[in-house]
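K.L.:
below are the sequence and a predicted model for it; my questions follow.
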Amino acid sequence: MAAAVKEVLPASLDSTSQPPPLFDGTTRLYTSYQCPFAQRVWITRNYKGLQDKIKLVPIDLGNRPAWYKEKVYPENKVPALEHDNKIIGESLDLVKYVDAHFEGPKLLPDDPAKREFAEDLLTYTNTFNGKVYSSFKGDTAKEAGVAFDYLESALDKFEGPFFLGQVSLVDFAYIPFVERLQVFLKEVYKYDITSGRPKLATWIEELNKIDAYVQTKGDPEDVVKLYKKRFLGE
Ligand SMILES: N[C@@H](CCC(=O)N[C@@H](CS)C(=O)NCC(=O)O)C(=O)O
C-alpha cells in the first residue's frame, strides 16, 4: 500500500492575525494541534475524508486573537466548528455532529446495543480523565489502573479490536487522551498502561494503523513537558 500523503497543516493564528472571512459558507474547524479535545474532531474529519470540506483553522491558545472570542466562539475554547452560518462547540457533540451532517463512513453503528454502549463510554470520558489526572498526586498505578481497567473490560464487550467492535467515534474520543497519558505515565511514573491489558495494547496498535489518526499525533516530548508543568508544577 502506498504511504498516505501527509496533509500540509496551516500555521496557527495568533493575536496579530486577521480573522478568516467568517460566515462565507466555508466550513471551518477552529482547533489547536496540541488540544486533545480538538483532536477528537480532527480525527473524525480525517477519517470521513473531509479534508477538503472542513478547513482547519488552528488558533495559538497562548496568544489568542481577540476576534476569536468576540466574533467566533464566546467560550473562547477549541474545538469549534463553523458550519451553515453557526458555530458549534464541545468536542463530544461535534464528533457526532460531523458524523451526522457530512458524508463519509458512518462512525456510529445502528445496532441499539452498540449505540447505548457508545453513550455510556462517551459519558465516561470525563470520569476517566478525572481519575487518571487525580492519580498523579496519589497512588498513581492503583488509581490510574482502575480507569484503564475500565477500558480493558469495555474492549472485551464486542468482537473486534475497537470499543464497538468496528472503529467508531468512541475510539476517537479516547485515543487523544490515552496517547498522552501513556507517554506521561511511562516517562514520569514508569507505569506501562498496556502491561496486563492485552486488549488495550491491541486497541492502541490498531489505531496506529489508521492514517486519519496518525496524522493528528503530536510530539510525545511536548506532552511530557506540558503535563509536567500543568499537573506537577515543574
Ligand atoms: N469541554 C470542551 C473542552 C475544550 C477545551 O477545554 N479546550 C481547551 C484546549 S485543550 C481550550 O480551548 N482552552 C482554552 C481556555 O480554556 O481558555 C470540549 O470537549 O470541547
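P.N.:
Yes, it's here.
K.L.:
so is the longest helix anywhere in the chain next to the ligand?
P.N.:
What stands out as the longest helix in the chain, according to DSSP state H, is helix 112-135. No: Helix 112-135 is not in contact with the ligand by CB under 6 Å from any ligand atom; minimum separation 8.4 Å. Yep, even glycine has a C-beta here, placed from its N, CA and C like the rest.
K.L.:
packing partners of that helix?
P.N.:
helix 140-154, helix 169-189 (3 or more CB pairs under 8 Å, 6 or more residues apart in numbering; DSSP states H and E).
K.L.:
okay, now the unreliable bits of this protein?
P.N.:
1-3 (pLDDT under 70).
K.L.:
now the most centrally placed residue in it: phi and psi?
P.N.:
Nearest residue to the geometric centre of the chain (CA atoms, centre = their mean): residue 40, 2.8 Å. Note on residue 40: its backbone torsions stand at phi -60, psi -40 [degrees, to the nearest 10].
K.L.:
pretty sure it sits against residue 171.
P.N.:
No: using CB atoms under 8 Å as the test, residue 40 is too far from residue 171 to be in contact (9.9 Å).
K.L.:
span of stretch 54-69 from start to end?
P.N.:
The first and last residues of stretch 54-69 sit 20 Å apart, counting by CA to CA, to the nearest Å.
K.L.:
helix or strand for residue 200, which one?
P.N.:
helix 198-207 (DSSP states H and E).
K.L.:
what angle do that helix and helix 169-189 make?
P.N.:
Orientation of helix 198-207 against helix 169-189 (axes from the mean of the first three to the mean of the last three CA atoms, to 10 degrees) gives an angle of 110 degrees.
K.L.:
in helix 198-207, what's buried?
P.N.:
Using 16 or more other CB atoms under 10 Å as the test for burial, helix 198-207 gives 199, 200, 201, 203, 204, 207.
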